[in-house]
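Visitor: Show me the folded form of this:
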Amino acid sequence: MASASFFSVKQGALFVQQNLSADPVYLGCEDLGDVAAPEGDYTLVQVFDVQGNYETLGATKGAPTPITFTITGYIQEKAHFLESLACPFFLHANLRCGGYANVINNYERAVILKVFGRTGRTLKAIVMREGEGKAEQDFDLSAAPPILDVYRLTVDRQSTSEVLALNDIYMISAELCAGCTPAYGPGSIGLAVADSAADPATANARYTLNKGADWTACATDPFTTPFNIACVTAFWISGKVIRFLVGNGTTQAGAPAQVAYTDFNVETDTAIGAVWTRASVGSTNAQFFFGPKALYAYDQYNIWAVVGAGFIYKSTNGGLTWTAQESGVLTTEDYYCIAAVPGSKTNIWVAGENDAIARTRDGGVTWSAVTGGNATAEALTIDVVDDQTVFVGYNDGELWATYNGGVSWSQITFSMTGTPAQVRAVKFLNEMQGFMLVNTSAPLGTLLVTRDGGRSWEALSTPTNAGLNALAVVSNKDVWAVGEALTSLAVILKTVN
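Guide: Numbering: from 1, shown residues only. Sure thing, here's the model as predicted:
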């Protein structure tokens with residue numbers, strides 16, 4: 001924004017969005033009062049010391065309580081939408097520097113509230129014996145915590161000495177406070193995986209322990225064969241140990257798909273990837289992973305992998321052994337990607353070649369085919385927002401969404417410089433905020449952002465690149481993208497507020 005260090009109330013704008021499949025609607029004559037968002041009180045844990053005085057051992061934090069606020073509007077002939085409110089909705093509050101208030105993506109800062117409903121209504125100045133006051137009404141509302149903050153983002157290129165394309169990236173979103181372990185903030189720890197050079201070179205992986213300020217090559221490579229590394233995921237195997245799991249992106253005629261994993265102890269280790277353990281995925285030869293996000297891990301006992309010919313595998317022992325849940329029965333098309341309802345080990349979707357889409361609601365005991373919206377294209381990426389809302393990106397540059405669990409699909413339109421050739425990645429942080437990578441036919445990759453559940457997408461000014469391959473979303477300010485080599489070095493991008 002401009003040099004001013006604060007916003008005035010005249011720079012604000014309100015929008016209401018009835019649901020995820022509806023466009024935000026501008027509210028032009030309302031006031032939004034103070035927004036109170038209690039984040040939970042601390043309760044002291046205390047004991048008596050030897051002298052009978054209280055000694056504080058620590059504190060526990062309670063749960064946040066509902067967010068409360070008031071919207072004030074004039075009483076007019078037509079009913080205000082809040083007068084007949086029946087369902088939850090989303091409220092957007094923008095703060096802008098100039099321009100038109102009724103443009104949802106005109107903001108420098110914004111907040112989003114998921115409103116449960118109305119808790120009270122106050123009519124003001126209905127009848128007055130003198131004066132010309134305006135009749136108003138206050139609507140007291142309650143919303144779910146937390147407040148969703150929206151920031152104006154820019155994109156920078158991070159430094160790396162990697163000379164080959166980076167295909168996937170995984171960043172740890174957990175915050176590790178100092179005490180039992182060293183302090184690592186969200187997004188501090190991550191791993192990016194690369195292509196392989198010509199035989200006999202093997203593909204390497206690069207790690208960071210400082211949010212990408214440094215990307216260091218692992219001491220050993222994940223595979224001993226010159227595979228490209230297509231995908232990476234991670235999960236905890238104890239309170240202090242993170243396991244990174246990668247999959248091969250090159251076929252091998254005489255061997256099944258391969259994975260490799262390495263463990264990182266956040267308390268004692270200072271590097272990632274000193275030792276890798278390798279394992280075969282099933283027993284069908286020549287299979288491999290087709291792209292990023294072909295691995296999904298809920299925990300060490302629930303890990304899924306998708307490969308070619310309609311195969312879906314599951315591991316229940318941290319990636320050491322794998323069992324096929326689907327073996328080309330639903331389809332013989334190649335699966336490219338997998339995603340789940342956030343935090344779910346049962347509600348999972350997969351997608352791939354010729355719009356082959358399938359889902360399970362029981363952790364893969366049974367899988368069902370889903371008819372997608374883009375029948376002849378290849379589904380390169382999939383993201384599941386909730387049980388009903390799923391986004392799929394395709395190799396023809398189209399983005400499609402379902403809001404009813406796959407019964408019907410809608411194409412999502414967006415605009416950007418150049419002709420979209422591929423939607424390479426889409427990832428939502430929550431119901432409202434999401435990010436997308438789109439490569440044009442140049443190719444040039446662009447990072448896009450949505451703050452209204454995917455109804456509109458805003459292209460960010462993205463550093464020059466030769467195509468982007470994968471996303472890692474940690475927060476509304478911390479997003480990474482990796483891609484093809486440019487000027488002899490791989491591209492790693494990071495958002496900045």
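Visitor: Residues contacting stretch 106-113, please?
Guide: 1, 7, 13, 35, 67, 69, 90-97, 99-100, 143, 147-152, 432-433, 451 (C-beta atoms under 8 Å, 6 or more residues apart in numbering). The C-beta positions use only the backbone N, C-alpha and C, and glycine is treated the same way.
Visitor: and Y26, what does it touch?
Guide: Per C-beta under 8 Å, 6+ apart, neighbours of Y26: 13-15, 101-102, 104.
Visitor: So which of these wins on neighbours?
Guide: Neighbour counts for the contacts of Y26, by other C-beta atoms under 10 Å, peak at A13, which reaches 23 neighbours.
Visitor: for that residue, what are its contacts?
Guide: Residues counted as contacts of A13 (C-beta under 8 Å, 6+ apart) are 26, 93-94, 96, 101-102, 106.
Visitor: hmm, back to that, with pLDDT as extra columns, can I get the contacts of Y26 in a markdown table?
Guide: Output for those, formatted as a markdown table (pLDDT from 0 to 100):
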| residue | pLDDT |
| --- | --- |
| A13 | 95 |
| L14 | 96 |
| F15 | 96 |
| A101 | 95 |
| N102 | 96 |
| I104 | 95 |
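Visitor: from those residues, which is closest to V281?
Guide: I104 (44.1 Å; C-beta to C-beta).
Visitor: ok, back up a step: max pairwise distance over the contacts of A13: which two?
Guide: Greatest spatial distance in the contacts of A13: A93 and N102, 13.6 Å, computed using C-beta to C-beta.
Visitor: count of neighbours near D387?
Guide: Neighbours of D387 (other C-beta under 10 Å): 13.
Visitor: likewise S161?
Guide: 10.
Visitor: And D140, by the same measure?
Guide: Neighbours around D140, by other C-beta under 10 Å: 15.
Visitor: Please name the nearest non-neighbouring residue to it.
Guide: Nearest non-adjacent residue to D140, counting by C-beta to C-beta, 6 or more residues apart in numbering: G120, 3.7 Å away.
Visitor: what does the average pLDDT come to for the strand or helix carrying that neighbour?
Guide: Taking DSSP states H and E as the definition, one finds G120 inside strand 109-124. Averaged across strand 109-124, the pLDDT comes to 95.
Visitor: Point out the other helices and strands that whichever helix or strand comes after that strand packs with.
Guide: For strand 109-124, the succeeding helix or strand toward the C-terminus, using DSSP H and E, is strand 136-151. Under the contact definition 3 or more C-beta pairs under 8 Å, 6 or more residues apart in numbering; DSSP states H and E, strand 136-151 sits against strand 67-74, strand 109-124.
Visitor: re the thing from before, make JSON lines from the contacts of A13 and add distance to A297 and secondary structure to it.
Guide: Below are those laid out as JSON lines (distance: C-beta to C-beta, whole Å; DSSP: H, G, I helix; E, B strand; the rest coil):
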{"residue": "Y26", "distance to A297": "42", "secondary structure": "strand"}
{"residue": "A93", "distance to A297": "36", "secondary structure": "strand"}
{"residue": "N94", "distance to A297": "37", "secondary structure": "strand"}
{"residue": "R96", "distance to A297": "40", "secondary structure": "coil"}
{"residue": "A101", "distance to A297": "44", "secondary structure": "coil"}
{"residue": "N102", "distance to A297": "43", "secondary structure": "coil"}
{"residue": "N106", "distance to A297": "39", "secondary structure": "coil"}
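Visitor: quick one, what contacts the residue nearest to D140?
Guide: Taking C-beta under 8 Å, 6+ apart, one finds 138-140 in contact with G120.
Visitor: How about V350?
Guide: Counting by C-beta under 8 Å, 6+ apart, V350 has contacts 306, 312, 335, 337-338, 357-359, 382.
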